[in-house]
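[1] below is the structure, and that's it, no one-letter string:
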Ligand SMILES: *[C@@H]1O[C@H](CO)[C@@H](O)[C@H](O)[C@H]1NC(C)=O
Ligand SMILES: *[C@@H]1O[C@H](CO)[C@@H](O)[C@H](O)[C@H]1NC(C)=O
Ligand SMILES: *[C@@H]1O[C@H](CO)[C@@H](O)[C@H](O)[C@H]1NC(C)=O
Ligand SMILES: *[C@@H]1O[C@H](CO)[C@@H](O)[C@H](O)[C@H]1NC(C)=O
Ligand SMILES: *[C@@H]1O[C@H](CO)[C@@H](O)[C@H](O)[C@H]1NC(C)=O
Ligand SMILES: *[C@@H]1O[C@H](CO)[C@@H](O)[C@H](O)[C@H]1NC(C)=O
Ligand SMILES: *[C@@H]1O[C@H](CO)[C@@H](O)[C@H](O)[C@H]1NC(C)=O
Ligand SMILES: *[C@@H]1O[C@H](CO)[C@@H](O)[C@H](O)[C@H]1NC(C)=O
């Protein structure tokens, strides 16, 4: 019992410093809510807390179809209920609204109009349709930081998104177009997930306005070339599972901060990959696994993680990693994967150790 009291106290103190939740926002885990349960996620109460307990203890109003944990009065859990609509009469204290895994097809502008303090809106795994998403339904929610609608039936990126958004997750929809100006005012957006959609090309204005975008996931779309006009702030660019015909010398031009680049399962072949395409010194991680490369492309000496497994590589030339070898000119590669290729350890040239001086692991 004494232990339980202390645990409660810790929990309540955690809540007392409510501003701390803001700092813990990234990735969505205010840790104090699950200390007792040890659950890794805050997204759902399913199977974690007995609803009877907080329903009978909670003096606050709570929509019948939702759960309102007393430890976190600003959160409203309405997930996994088979709901076909956003419930009515949502309490205006709601800042974190969990509606994932329901059968919601539409979002009207009135549905959320009363909860103006909304920070997170989680609608993953529903059946939202673009033509039933009322244009201005989110526009006025200036505190909305996270909008998640992965695994829905959207066919375009919604327009009139609220200006305060930090994360927009729209993976695994059927998105083939981006509404004009959709991202125009989203200066604070750092993460944009669009993997598993049907995008083929991007036009020049599509990403205009995304001045802080850090991570952009475009994997599993229908791109045949690296899209142009990507925001220059991008540091993590994921393009795996697109059938790319090749890479040009300037495919990544203008992306001066690009550190993590993933292009596995892209059908890349040597003659179509320009020798200089990776010659930019910001690069830290490069994933070219599961392609059809026969030689190792040239990479900058700054690269630390290089994934080339499951290609058809037959030869290994140290000049791919080091243009010259000297006291300060050597490759920073720590991990190199060459397994699943057509070469063996014995085929490494004798001089490779002078170039790959800080290598921690090689798979071959
Ligand atoms: C919700 O959708 C699932 C899967 O599409 C379906 O099996 C289920 O019957 C639907 N439930 C309701 C209440 O519509
Ligand atoms: C919003 O609040 C008004 C006034 O309290 C109420 O009439 C209306 O039904 C509420 N809307 C929703 C969707 O809950
Ligand atoms: C919520 O609504 C009540 C009355 O309906 C009002 O007194 C209160 O100020 C509102 N709170 C917010 C955060 O809007
Ligand atoms: C958004 O705010 C504007 C100005 O306050 C208002 O005219 C408009 O009706 C609001 N839209 C919605 C969907 O609430
Ligand atoms: C963007 O973030 C900054 C810093 O957190 C904040 O001051 C600003 O109000 C935000 N802009 C919008 C439109 O929310
Ligand atoms: C790409 O497709 C492969 C094979 O279908 C799959 O195993 C892998 O998880 C996918 N990767 C990404 C990043 O989508
Ligand atoms: C790589 O780019 C730098 C400038 O960024 C250039 O000086 C250098 O010659 C290029 N490397 C090769 C091998 O062309
Ligand atoms: C490695 O590449 C350099 C420059 O492309 C070339 O001069 C050299 O002959 C190659 N070495 C081997 C062993 O193929």
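    Yep, it's here. Just so it is clear, the model here is predicted, and its values are computed rather than measured. Numbering: from 1, shown residues only. Ligands and ions are numbered 1, 2, ... in the order given.

[2] all contacts plus neighbour counts: C-alpha atoms, from now on.
    Fine.

[3] quick one: low-confidence residue ranges for the chain.
    1-41, 47-58 (pLDDT under 70).

[4] what domains does the record give for it?
    With domains defined by automatic domain parsing, the chain comprises 1-153, 243-364.

[5] nearest to ligand 4, out of those?
    Smallest distance to ligand 4 across the domains of the chain (Cα to the nearest ligand atom): 4.6 Å, for domain 1-153.

[6] which elements pack onto the strand or helix carrying residue 168?
    Using DSSP states H and E, residue 168 falls within strand 167-169. Using 3 or more Cα pairs under 8 Å, 6 or more residues apart in numbering; DSSP states H and E, the elements in contact with strand 167-169 are strand 146-148, strand 191-193.

[7] show residues contacting that strand.
    For strand 167-169, the surrounding residues in contact (Cα atoms under 8 Å, 6 or more residues apart in numbering) are 145-150, 189-194.

[8] circling back to that earlier point, quick one, which of the helices and strands packed on strand 167-169 is nearest to ligand 2?
    Using Cα to the nearest ligand atom, the helices and strands packed on strand 167-169 put strand 146-148 closest to ligand 2, at 18.9 Å.

[9] show the subsequent helix or strand relative to that closest one.
    Scanning onward from strand 146-148 (DSSP H and E), the first element met is strand 156-157.

[10] note down every partner strand of that next one and its orientation.
    Next to strand 156-157 in the sheet, as set by DSSP bridges, lie strand 177-178 (parallel).

[11] and the contacts of the strand it pairs with?
    The contact list for strand 177-178, computed with Cα under 8 Å, 6+ apart, reads 155-158, 199, 206.

[12] skipping adjacent residues, who's closest to the closest residue to ligand 2 within the chain in space?
    Of all residues in the chain, the one sitting closest to ligand 2 is residue 89 (3.4 Å; Cα to the nearest ligand atom). Nearest non-adjacent residue to residue 89, counting by Cα to Cα, 6 or more residues apart in numbering: residue 63, 6.8 Å away.

[13] how many residues are close by that neighbour?
    The burial count assigned to residue 63 is 15, neighbours taken as other Cα atoms under 10 Å.

[14] format the domains of the chain as TSV; extra columns: distance to residue 233.
    Output for these, formatted as TSV (distance: least, Cα to Cα, whole Å):
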stretch	distance to residue 233
domain 1-153	19
domain 243-364	6
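
[15] want to throw those into TSV with distance to ligand 4?
    What follows is the domains of the chain, written out as TSV (distance: least, Cα to the nearest ligand atom, whole Å):
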stretch	distance to ligand 4
domain 1-153	5
domain 243-364	36
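
[16] to residue 213, which of the ones you listed lies closest?
    domain 243-364 (11.1 Å; Cα to Cα).

[17] and that closest one, how far out from the chain's middle?
    Mean-position distance between domain 243-364 and its chain equals 24 Å (Cα atoms, centre = their mean, to the nearest Å).

[18] what are the ranges of the helices in the stretch 1-150 of the chain?
    Using DSSP state H, counting those that start in this stretch, the helices of the stretch 1-150 of the chain run over 2-16, 19-24, 51-57.

[19] centre of the chain to stretch 132-148, how far?
    19 Å.

[20] thinking again about what came up before, of the domains of the chain, which is nearest residue 180?
    domain 1-153 (12.7 Å).

[21] before we move on, back to that, buried deepest among the helices and strands packed on strand 167-169, which one?
    When you average the neighbours per residue for each of the helices and strands packed on strand 167-169 (mean count of other Cα atoms under 10 Å), strand 146-148 leads with a mean of 22.

[22] tell me the strands beside that one, with direction?
    In its sheet, and by DSSP bridges, strand 146-148 pairs with strand 120-122 (parallel), strand 167-169 (parallel).

[23] wait, which of the ones you listed is closest to residue 229?
    Comparing these by Cα to Cα, strand 167-169 comes nearest, at 19.1 Å.

[24] close to ligand 5, is the closest one?
    No. Applying Cα under 6 Å from any ligand atom, one finds strand 167-169 separated from ligand 5 by no less than 12.1 Å.

[25] try stretch 144-164
    Yes. Using Cα under 6 Å from any ligand atom, stretch 144-164 reaches ligand 5 at 163-164.

[26] what residues does the protein have near ligand 5?
    163-164, 188.

[27] the residues you listed in strands, which ones?
    When the residues of the chain next to ligand 5 are checked against strands (DSSP state E), there are no matches.

[28] okay if I get these as JSON lines plus distance to ligand 2?
    Compiled in JSON lines, the residues of the chain next to ligand 5 are given as follows (distance: Cα to the nearest ligand atom, whole Å):
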{"residue": "163", "distance to ligand 2": "22"}
{"residue": "164", "distance to ligand 2": "22"}
{"residue": "188", "distance to ligand 2": "28"}
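
[29] got a winner among these for most neighbours?
    residue 163 (21 neighbours).

[30] right, and it touches residue 146 too?
    No. Taking contacts as Cα atoms under 8 Å, residue 163 lies outside contact range of residue 146: 11.3 Å.

[31] quick revisit: out of the contacts of strand 177-178, who's nearest ligand 4?
    Nearest member of these to ligand 4, counting by Cα to the nearest ligand atom, is residue 158, at 14.4 Å.

[32] quick one: contacts for the closest residue to ligand 6 within the stretch 151-300 of the chain?
    Scanning the stretch 151-300 of the chain for proximity to ligand 6 using Cα to the nearest ligand atom identifies residue 241 as nearest, at 4.8 Å. For residue 241, the contacting residues are 219-221, 263-266, by Cα under 8 Å, 6+ apart.
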